[in-house]
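1. how would this look folded up:
(chains A and B)
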2 protein chains.
Amino acid sequence: MRIVVLAGGIGGARFLRGLKRAVTDIDGTDITVIGNTGDDIHLFGLKVCPDLDTVMYTLGGGIDEERGWGRTDETFRVKEELAAYGAGPGWFGLGDRDFATHIVRTQMLAAGYPLSAVTEALCDRWQPGVRLLPMSDDRIETHVAITVPDGEEGAGERRAVHFQEFWVRLRAAVPAHAVVPVGADQAKPAPGVLEAIAAADVILFPPSNPVVSIGTILAVPGVREAIAEAGVPVVGLSPIVGGAPVRGMADKVLAAVGVESSAAAVAEHYGSGLLDGWLVDTADADAVDRVEQAGIRCRAVPLMMSDPDAAAEMARRALALAEEVRA
Amino acid sequence: MRIVVLAGGIGGARFLRGLKRAVTDIDGTDITVIGNTGDDIHLFGLKVCPDLDTVMYTLGGGIDEERGWGRTDETFRVKEELAAYGAGPGWFGLGDRDFATHIVRTQMLAAGYPLSAVTEALCDRWQPGVRLLPMSDDRIETHVAITVPDGEEGAGERRAVHFQEFWVRLRAAVPAHAVVPVGADQAKPAPGVLEAIAAADVILFPPSNPVVSIGTILAVPGVREAIAEAGVPVVGLSPIVGGAPVRGMADKVLAAVGVESSAAAVAEHYGSGLLDGWLVDTADADAVDRVEQAGIRCRAVPLMMSDPDAAAEMARRALALAEEVRA
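-> Numbering: from 1, shown residues only, chains lettered A, B, ... in the order given. Reported below is the predicted structural model:
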């Protein structure tokens, strides 16, 4: 069974860890992950790919479990020294061990390798047990149109900032008016992306952010169409439980694109042209009817990834719903 | 009194610390350091300037006293992680705190600032108490023609390697046939270098390597001539004591340029056209006559920089010899 998963950062990575566990008994299963690169950022001259790294570290056993991002047993000495030089930004958490990943990546990119080849080389070390592809080798950067908060220069004005500045520095606490994956319209899917989708037996959307994670992947020309035309079950899991994001601040960016923060609204946002099945949490059982009326098969199951076993059970439920849809 | 000092790495930095101490009682003294950049190297996409940093860290209180290079209280986590990725070279000791310096420098260079402006910006933090100028803003890289050692590919053949590869990886333990400051012939002195020399009251050569440190600075077109024509005392201190380098492997590179490893031979190598005074160690008192016969005033004094006080006393002796020459 060939499974293709569109993944953002922490939620996607933890779901993937569950999925790997869920399919250990199924012979000949392979998993291809199409990773979001819209929140990639250049910091200190280095190319940082937070979502790809979160997937790679999580599946490769190098993640900081508590934070959910960055390396375990991490220190921040380079960052402290950069701050001593007055070099910013200080709000982005780059650890010492993490720095090495960005240095290797940046060197390989400078040597002319595309991001997909670089990602494969980094995975040689981490052995994530999945094939990890960036959604594109082209540069795509998600920008958010915000209202500049009080106390900052230009307070009250609208301004476009990098997604990471909105998410990490401003903690999504300012009004967001639009989310734009800059460069996406000119980008091409990375080598292997469309081929993996075309060859998939099932396609999964983990409980990742529907706007800035999965939405950005779908914004790469050809990806949405390839999924819609793959002719295989496409099943997603709601990142919204009981009207609030399980983690992160998905509600803020949903509001920016005019979608209410509910399990049903996110399914409708993807739409029945894309999605065949949708899992909502048992707390949102009353959303099942609404989702099914939108033409999407829906089931209510526990969706809290409190540990890898819970994530594995969610993956089993998603695969089961895919088979139900297929039948 | 305006003092200009040509400096390499550890020896130059420790002498400068002594010099600062020696002149604290002299009103209106300022020290300009012309630092060697011939052993600069690009590692992991970063511009590393070992000699400039050694001077900056030593005078700014950030040096690892025991090693003589790099930062105090240093860790090597980035380097360990780079090794885990198989990214080399592993033989160059880049610490975590040190990395930040190279990151800031590389970013500023990429933004278009010349190395002299970058060095000034880094010194804003370190406040070394001297004006530190790179010898040139142009790229100069000292290469060494070696015989490839047994057990390596091309064993027995001649090959040119970067000075750091000869010095650090090969520990100067292979035959060196030539030392070439690649790019020097096309380089220009950094802004302020010739002006500082022209305005100097005294010019000092610390006990730095006469070939790959001070020799490289003198190889920048115009520098040697400016010193010779400055019309002020030029006094040096021998890096060779009792026929051997006080530290480092100066004898290896002296052999490569056909100069014997002795206090007198190094003075003759500089020559009376450049040098007015020369300090040898008391162990080399018998060299005094030979040096004076070469037209260079010579005195034998203790030249072991065992602590900052000893370095300060050496600086006082050098300044005294300068006044003796001037009179």
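
2. can you tell me which residues contact A:A155?
-> Neighbouring residues of A:A155 by CB atoms under 8 Å, 6 or more residues apart in numbering or on different chains: A:148-149. Glycine gets a C-beta too; all of them are placed from N, C-alpha and C.

3. Surely it is in a strand?
-> No - applying DSSP: H, G, I helix; E, B strand; the rest coil, one finds A:A155 to be coil, outside a strand.

4. Pop out the phi and psi values for it.
-> Per-residue torsions, A:A155: phi -50, psi 140 (degrees, to the nearest 10).

5. From chain B, how far out is it?
-> According to CB to the nearest CB, to the nearest Å, A:A155 stands 28 Å off from chain B.

6. How about A:K79?
-> 8 Å.

7. and that residue, what is it in contact with?
-> Contact analysis of A:K79 by CB under 8 Å, 6+ apart lists A:90, A:93-96, B:100.

8. rerun that using 10 Å as the cut-off
-> Neighbour list for A:K79: A:44, A:87, A:90, A:92-96, A:98-99, B:96, B:100 [criterion: CB atoms under 10 Å, 6 or more residues apart in numbering or on different chains].

9. got the CA positions of stretch A:261-280 in CSV?
-> Extracted as CSV, the C-alpha positions of stretch A:261-280 are listed here (Å, rounded to 0.1, in the frame of the first residue of the first chain):
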residue,chain,number,x,y,z
SER,A,261,-12.9,27.5,13.5
SER,A,262,-14.9,24.3,13.5
ALA,A,263,-14.2,20.7,12.4
ALA,A,264,-17.0,20.9,9.8
ALA,A,265,-16.0,24.2,8.3
VAL,A,266,-12.4,23.0,7.7
ALA,A,267,-13.8,20.0,5.9
GLU,A,268,-16.0,22.3,3.8
HIS,A,269,-13.0,24.5,3.1
TYR,A,270,-11.2,21.5,1.6
GLY,A,271,-14.4,20.5,-0.2
SER,A,272,-15.8,17.3,-1.5
GLY,A,273,-13.9,17.8,-4.8
LEU,A,274,-10.8,17.1,-2.9
LEU,A,275,-11.8,15.2,0.3
ASP,A,276,-13.5,11.8,0.4
GLY,A,277,-13.4,11.2,4.1
TRP,A,278,-13.0,13.3,7.3
LEU,A,279,-12.4,12.4,10.9
VAL,A,280,-13.6,14.7,13.6
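
10. Quick check: buried residues in it?
-> By 16 or more other CB atoms under 10 Å in any protein chain shown, the buried positions in stretch A:261-280 come out as A:261-270, A:272, A:274-280.

11. Quick one: mean pLDDT over it.
-> If you average the pLDDT over stretch A:261-280, you get 97.

12. follow-up on the earlier one: tell me which of the buried residues of stretch A:261-280 fall in helices.
-> In helices, judged by DSSP state H, the following of those are found: A:263-270.

13. any chance of the residues you listed in CSV, with distance to B:M314 too?
-> Formatted as CSV, these follow (distance: CB to CB, whole Å):
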residue, distance to B:M314
A:A263, 77
A:A264, 81
A:A265, 78
A:V266, 74
A:A267, 79
A:E268, 81
A:H269, 76
A:Y270, 76
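
14. hang on, A:V118 is in a strand, isn't it?
-> No - A:V118: not assigned to a strand; according to three-state DSSP it is helix.

15. From the opening residue of stretch A:287-296 to its closing one, how far?
-> Stretch A:287-296 has an end-to-end distance of 12 Å (criterion: CA to CA, to the nearest Å).

16. what does it contact?
-> By CB under 10 Å, 6+ apart, stretch A:287-296 touches A:234-236, A:238, A:240, A:262-268, A:270-281, A:284, A:297-300, A:325.

17. Show the end-to-end separation of stretch A:156-173, please.
-> End residues of stretch A:156-173 are separated by 14 Å (CA to CA).

18. Let's test this: mean pLDDT of it, rounded?
-> Per-residue pLDDT values across stretch A:156-173 average out to 93.

19. Which parts of that stretch count as buried, going by neighbours?
-> Using 16+ other CB under 10 Å as the burial criterion, the residues of stretch A:156-173 that qualify are A:161-168, A:170, A:172.

20. how about these, which pair is most distant?
-> For these, the farthest-apart pair by CB to CB is A:H162 and A:A172; their separation is 13.0 Å.

21. For the nearest residue to A:T29 once chain neighbours are set aside, which residues are in contact?
-> Excluding its sequence neighbours, the residue lying closest to A:T29 (CB to CB, 6 or more residues apart in numbering or on different chains) is A:V23, at 4.3 Å. Applying CB under 10 Å, 6+ apart, we find A:V23 in contact with A:1, A:3, A:29-31, A:312, A:315-316, A:319.

22. Now list the buried members of those residues.
-> Buried subset of these (neighbour count, 16+ other CB under 10 Å): A:3, A:29, A:31, A:312, A:315-316, A:319.

23. now that we have the contacts of A:K79, which one has the most neighbours?
-> Of all the contacts of A:K79, the highest neighbour tally under other CB atoms under 10 Å in any protein chain shown goes to A:F99, namely 29 neighbours.

24. what is the orientation angle of the one helix or strand that residue maps to with helix B:96-110?
-> Element membership for A:F99 (DSSP states H and E) is helix A:96-110. On the basis of axes from the mean of the first three to the mean of the last three CA atoms, to 10 degrees, helix A:96-110 is oriented at 30 degrees to helix B:96-110.
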